[in-house]
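> quick one: sequence and predicted model below, then my questions.
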Amino acid sequence: MTLPRTPSFRLDGRRALVTGASSGIGLGCAVALAEAGADVTCVARRDGPLNEAVQAMRAEGWQARAQAADVTDPEALDALFARPFDVVVNAAGMARHAPAMDTDPADFDAVMSVNLRAAYFLSQRAARTLRDAGRGGSIVHVSSQMGHVGGLDRAVYCASKHGVEGMVKAMAMEWGPLGIRINTVCPTFIRTPLTESTFQDPGKRAWLEQKIKLGRVGRVEDVMGAVLYLASDASALVTGSALMVDGGWTAG
Ligand SMILES: NC(=O)C1=CN([C@@H]2O[C@H](COP(=O)(O)OP(=O)(O)OC[C@H]3O[C@@H](n4cnc5c(N)ncnc54)[C@H](O)[C@@H]3O)[C@@H](O)[C@H]2O)C=CC1
Ligand SMILES: C[C@H](O)[C@@H]1OC(=O)[C@H](O)[C@@H]1O
């Protein structure tokens, strides 16, 4: 009897790009891919923390390089995608929370510009270079549980993440025939610089722990395995999907 073999989660010989790689979830994604053998280009807006992260990764013996870039800048995207990447993980993101009745248009534009517009054109650049090279690849967006449900004071953030979910489904339809997969991971509240103020408030933290059915808030490590799965051949037939890493928040 011939037994089936588990597809590989390894990424040896693959070139990967991770945005938002200077901290939080993006840094976790960069580590996950590098540890699996990929040569990872780490992107973030500012040099300092990014260089520090890349130095720490190289000290582990992994392949990593830093490239500071603003993902909302089309020219910066062109420079990043001078060559194709087998794996692209987009974790760059931001939030400005306010009641919908009070949202400042400048905040709306800032959030949409990073979370949705940049996600769109980064995907476009990633796919074009893969198409021109005549090969497939995997694009993973770090979306959110807020791409599937609403959140108080989060109308703009939710709109941006719901937008990413719709965009990914449509792109998956177009790019499937080229072997280019595109998916999202949708975390619940994860402790990072973005959410530190929420985590500092004992009342909010208790509320979160009750909303998350598994009874605890998220860690960057909770997202890393999900991203590695979607980046690797282990998910070879998965595209246009949203992988919830939300402890059951949206299950109800
Ligand atoms: N922390 C959380 O609870 C959750 C976060 N997310 C999403 O995960 C992603 C990462 O968030 P965190 O790690 O929590 O935040 P973070 O604040 O620790 O990291 C954000 C990263 O995005 C980069 N970035 C922001 N704007 C950029 C731009 N214009 N150009 C290039 N890089 C830019 C920053 O340099 C930084 O590396 C975001 O998309 C966020 O919406 C999703 C679900 C939960
Ligand atoms: C930044 C937000 O407060 C945080 O990010 C997410 O995606 C979580 O669901 C929280 O809303």
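Now that the structure is in, tell me what you want to look at. Ligands and ions are numbered 1, 2, ... in the order given.

> give the other helices and strands that the lengthiest helix in the chain contacts.
Longest helix of the chain, by residue count under DSSP state H: helix 155-175. Packing partners of helix 155-175 (3 or more Cβ pairs under 8 Å, 6 or more residues apart in numbering; DSSP states H and E): helix 105-112, helix 118-133, strand 137-142, strand 180-187. Placement of C-beta: from N, CA and C, glycine included.

> how about the ones you listed in TSV, adding mean pLDDT, mean neighbour count and distance to ligand 2?
Listed next are these as TSV, based on pLDDT from 0 to 100; neighbours: other Cβ atoms under 10 Å; distance: least, Cβ to the nearest ligand atom, whole Å:
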stretch	mean pLDDT	mean neighbour count	distance to ligand 2
helix 105-112	98	14	10
helix 118-133	98	18	14
strand 137-142	99	28	9
strand 180-187	99	25	6
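
> reformat those as a markdown table; add distance to residue 155.
Putting these into a markdown table (distance: least, Cβ to Cβ, whole Å) gives the following:
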| stretch | distance to residue 155 |
| --- | --- |
| helix 105-112 | 9 |
| helix 118-133 | 18 |
| strand 137-142 | 20 |
| strand 180-187 | 18 |
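
> any chance of TSV for these, columns distance to ligand 1?
Below are the helices and strands packed on helix 155-175 laid out as TSV (distance: least, Cβ to the nearest ligand atom, whole Å):
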stretch	distance to ligand 1
helix 105-112	9
helix 118-133	6
strand 137-142	4
strand 180-187	4
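
> close to ligand 2: what parts of the stretch 101-250 of the chain are there?
Counting by Cβ under 6 Å from any ligand atom, the residues of the stretch 101-250 of the chain lying close to ligand 2 are 144-146, 151, 154, 188-189, 194-195.

> sitting in strands, which of those residues do you find?
Taking DSSP state E, every one of these sits outside strands.

> so which of the residues you listed wins on neighbours?
residue 144 (31 neighbours; other Cβ atoms under 10 Å).

> for the chain, what lies in contact range of ligand 1?
19-20, 22-26, 44-45, 70-72, 91-94, 114, 142, 144, 187, 189-190, 192-195.

> how does it look with 5 Å?
20, 22-25, 44-45, 70-72, 91-93, 114, 142, 144, 187, 189-190, 192-195 (Cβ under 5 Å from any ligand atom).

> and those, which are buried?
Buried by 16 or more other Cβ atoms under 10 Å: 20, 22-25, 44-45, 70-72, 91-93, 114, 142, 144, 187, 189-190, 192, 194-195, out of the residues of the chain next to ligand 1.

> what sits against residue 234?
6-9 (Cβ atoms under 8 Å, 6 or more residues apart in numbering).

> that older thread, any idea which of the residues of the stretch 101-250 of the chain next to ligand 2 is closest to residue 63?
For these, the residue nearest residue 63 by Cβ to Cβ is residue 194; the value is 27.1 Å.

> hmm, residue 20 and the closest one touching each other?
No: using Cβ atoms under 8 Å, residue 194 is not in contact with residue 20; the gap is 9.7 Å.

> so what sits against both of those two?
residue 93.

> name the nearest residue to the closest residue to ligand 2 within the chain, ignoring sequence neighbours.
Of all residues in the chain, residue 144 sits closest to ligand 2, at 3.2 Å by Cβ to the nearest ligand atom. Leaving aside its sequence neighbours, residue 144 sits nearest to residue 161 (Cβ to Cβ, 6 or more residues apart in numbering; 4.5 Å).
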